[in-house]
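A.B. asks: Sequence and computational prediction follow.
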Protein chains: 2
Amino acid sequence: MNENSVIEHIRKKARLKSEVAMGIGDDCAIYRPRKGEELLFTTDFVIEGRHFRRDTHTARQVGYKALARSLSDIAAMGGSPEFCLVGLAAPADSQWIDGFYDGLFALAAKTGTSLAGGDLSRSETIICDVMVCGSAATGTALRRGGAKPGDALYVTGALGGSAHGLATGKGLAWKKHLRPEPRLAIGQLLRLKYGATACIDLSDGLSTDLARLCKASGLCADLGDTLPFFRGATIEEALHGGEDYELLFTVPGKRRIPVEIAGVPITRIGSVEKGPAGRIFGEKREFEIIAAGFDHFETK
Amino acid sequence: MNENSVIEHIRKKARLKSEVAMGIGDDCAIYRPRKGEELLFTTDFVIEGRHFRRDTHTARQVGYKALARSLSDIAAMGGSPEFCLVGLAAPADSQWIDGFYDGLFALAAKTGTSLAGGDLSRSETIICDVMVCGSAATGTALRRGGAKPGDALYVTGALGGSAHGLATGKGLAWKKHLRPEPRLAIGQLLRLKYGATACIDLSDGLSTDLARLCKASGLCADLGDTLPFFRGATIEEALHGGEDYELLFTVPGKRRIPVEIAGVPITRIGSVEKGPAGRIFGEKREFEIIAAGFDHFETK
């Protein structure tokens, strides 16, 4: 096993779209932007012992999830994925490395994401970092900060499934934890068709990510009494559990949004209003929900 | 200390060029390409225990070097740096994290690289991954594979300094190891002014990187008897030592290249010729140099 043979193996499997003028095999990948597009960039770590364990997650699952995390950020901006760069530091275990790329390639093929480059290094602890570039017509990408007072607040799918799966290790919730679906088609439709004013993906939990959307928009949120719980999930898991990778978005209050988009249920969970920026209130402001999602550096 | 406060601190220090329409603070960074440019992308790990040690490298030095490694790839394509995304997994040590970003920002400011986003995670072992995007006029980026038979082979600066520094831990060689200078101005001039046909940066050692350039171009190399050794470096260090981050390039045989570009000595070290692709010969093909630079996964 050597670095060149591993890279050559990956390079042969990579399918490049025509905008990628150079993929793996030079000092840099080359991308030629289309006219009138802005480019979206995100990068996310997946680290052994923090985001997965080798005894409970297969190499394929790790590769799939590493790409899914970053694609979810592209979905949150309403973008179309273009290409990714994959940094992988792992032990010299060619079976694990092959499995990782197989899982990643499966999702890359499904979503039209070209693997254009990356870095390989050796490390006893497995670390990967996936950068994805997406595109949208210039000026149209959905941001967190565009919500207006009175806008309705919606969420895709169900909440707390991933946290519940992590706690129980079984059933549909565990599947949801292992194989999150980046909501790419929904994000694009929210941008192109449904006039969404703001959007964020739920990576760190509803309470944390909703607070971020509200803070960026200078508004507060009034939640209604309906939250779409994932089957079996607790209130704690639904409000604060991370890694659901659903989309949370706002649309003008009178806009009609279907109950399902691209096969995924859409639920109105409240509205955003003038008020203390970044704060989240329960029905009629009788109580407040404090952001308690995942924080990597919390030192309470 | 919490994640939001760390990110807010970094966000305030980041200086964004106008093409970066959104920096830190949303799901993705947004970049708006200029007309007629192609974009160059590279990503490189810097991992504790592999690329640096906490007791011999300060946080500032690690931050500087993490960006320098990726900028060197942009230099090798003749590109101008545009922005970077920085993934950092580190212990919750705010002094170390601040120092890391100070070092990175120092080089970012000097080279016009905007910090546009990234990811932060907690990890006992420090891992960073810096993605840099650069630009060049469409179709002009320097590649490894463009050398023609009879082209002259040149190298910038001196060879083996970084490996010698790592071995001795002192003097100018140690400085070279700690603070490599990405050869951005030289790369751009090679592309725009000197008609370079191929270029690569020396990250894994002359023997390994020259073999890559030759293989990509379908040629072999004939080295002359002059190699610019870094003061004190051994033959081994000059031929096979990694992390010099000098540029190795080819130009048409009759082209005149100055002895110095942008203040850095330029040395002709041989030529590339028809012959077994990727192989490197000593003067008059009396002996062969076998690539023996750094390989992360070598399992001899």
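C.D. replies: Yes, it's here. Numbering: from 1, shown residues only, chains lettered A, B, ... in the order given.
A.B. asks: Against B:A21, how distant is the residue nearest to the spatial centre of chain A?
C.D. replies: Closest to where the C-alpha atoms of chain A average out (C-alpha atoms, centre = their mean) is A:S72, at 2.4 Å. A:S72 sits 21 Å away from B:A21, going by C-beta to C-beta, to the nearest Å. (Each C-beta comes from the backbone N, C-alpha and C, glycine too.)
A.B. asks: low-scoring stretches of the stretch 151-300 of chain A, by residue?
C.D. replies: Applying pLDDT under 70 to the stretch 151-300 of chain A flags residues A:298-300.
A.B. asks: residue boundaries of the strands in it?
C.D. replies: Ranges of strands in the stretch 151-300 of chain A, per DSSP state E, counting those that start in this stretch, are A:152-156, A:198-201, A:220-223, A:247-251, A:260-261, A:264-273, A:280-281, A:288-289.
A.B. asks: Please tabulate those in CSV, including the columns distance to chain B and mean neighbour count.
C.D. replies: Output for the strands of the stretch 151-300 of chain A, formatted as CSV (distance: least, C-beta to the nearest C-beta, whole Å; neighbours: other C-beta atoms under 10 Å in any protein chain shown):
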stretch, distance to chain B, mean neighbour count
strand A:152-156, 14, 24
strand A:198-201, 6, 27
strand A:220-223, 17, 22
strand A:247-251, 10, 28
strand A:260-261, 19, 16
strand A:264-273, 17, 19
strand A:280-281, 15, 20
strand A:288-289, 17, 14
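A.B. asks: would you list those strands in JSON lines and tack on distance to B:D295?
C.D. replies: Output for those, formatted as JSON lines (distance: least, C-beta to C-beta, whole Å):
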{"stretch": "strand A:152-156", "distance to B:D295": "45"}
{"stretch": "strand A:198-201", "distance to B:D295": "38"}
{"stretch": "strand A:220-223", "distance to B:D295": "53"}
{"stretch": "strand A:247-251", "distance to B:D295": "43"}
{"stretch": "strand A:260-261", "distance to B:D295": "48"}
{"stretch": "strand A:264-273", "distance to B:D295": "45"}
{"stretch": "strand A:280-281", "distance to B:D295": "52"}
{"stretch": "strand A:288-289", "distance to B:D295": "52"}
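A.B. asks: right, and the residue nearest to the centre of chain A touches A:S162 too?
C.D. replies: No: contact criterion C-beta atoms under 8 Å: A:S72 and A:S162 do not qualify, at 11.5 Å.
A.B. asks: list residues touching both of these two?
C.D. replies: Here A:S72 and A:S162 have A:180, A:245 as joint contacts, going by C-beta atoms under 8 Å, 6 or more residues apart in numbering or on different chains.
A.B. asks: check contacts around the nearest residue to A:Q95 once chain neighbours are set aside.
C.D. replies: Nearest residue to A:Q95, sequence neighbours excluded (C-beta to C-beta, 6 or more residues apart in numbering or on different chains): A:A59, at 7.5 Å. For A:A59, the contacting residues are A:95-100, A:102-103, by C-beta under 8 Å, 6+ apart.
A.B. asks: taking those one by one, which sit in strands?
C.D. replies: Judged by DSSP state E, the subset of these located in strands is empty.
A.B. asks: which of these are buried?
C.D. replies: The neighbour count (16 or more other C-beta atoms under 10 Å in any protein chain shown) marks A:96-100, A:103 as buried among the contacts of A:A59.
A.B. asks: now A:F41, what's its secondary structure?
C.D. replies: Under DSSP: H, G, I helix; E, B strand; the rest coil, A:F41 falls in the strand class.
A.B. asks: Return the member of the buried ones among the contacts of A:A59 nearest to B:R285.
C.D. replies: A:I97 (37.4 Å; C-beta to C-beta).
A.B. asks: Just to check, that closest one is in contact with A:V6?
C.D. replies: Yes: using C-beta under 8 Å, A:I97 is in contact with A:V6, at 6.2 Å.
A.B. asks: A:L71 versus A:V264, what's the distance?
C.D. replies: A:V264 is 15 Å from A:L71, by C-beta to C-beta.
A.B. asks: Could I get the full set of helices for chain A?
C.D. replies: Assigned by DSSP state H, chain A shows helices spanning A:3-13, A:59-76, A:94-111, A:161-168, A:171-178, A:184-192, A:206-217, A:235-240.
A.B. asks: Report the rounded mean pLDDT for the first one.
C.D. replies: Right, the one you point to is helix A:3-13. Throughout helix A:3-13, pLDDT has a mean value of 88.
A.B. asks: which of the residues in it are buried?
C.D. replies: Within helix A:3-13, the residues scored as buried using 16+ other C-beta under 10 Å are A:3, A:6-7, A:10.
A.B. asks: got the contact list for A:V132?
C.D. replies: A:41-43, A:67, A:70-71, A:73-74, A:81-84, A:113.
A.B. asks: and if you look at A:V62?
C.D. replies: Contact analysis of A:V62 by C-beta under 8 Å, 6+ apart lists A:46, A:52, A:100, A:103, A:126, A:128.
A.B. asks: Please identify which of the strands of the stretch 151-300 of chain A is closest to B:C220.
C.D. replies: Taking the strands of the stretch 151-300 of chain A one by one with C-beta to C-beta, strand A:198-201 is closest: 50.7 Å.
A.B. asks: Tabulate the buried ones among the contacts of A:A59 (JSON lines), appending distance to B:A141 and pLDDT.
C.D. replies: Below are the buried ones among the contacts of A:A59 laid out as JSON lines (distance: C-beta to C-beta, whole Å; pLDDT from 0 to 100):
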{"residue": "A:W96", "distance to B:A141": "34", "pLDDT": "96"}
{"residue": "A:I97", "distance to B:A141": "29", "pLDDT": "96"}
{"residue": "A:D98", "distance to B:A141": "31", "pLDDT": "95"}
{"residue": "A:G99", "distance to B:A141": "33", "pLDDT": "96"}
{"residue": "A:F100", "distance to B:A141": "29", "pLDDT": "97"}
{"residue": "A:G103", "distance to B:A141": "31", "pLDDT": "97"}
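A.B. asks: ok, those residues vs chain B, which is closest?
C.D. replies: Among these, A:I97 lies closest to chain B (C-beta to the nearest C-beta), at 8.5 Å.
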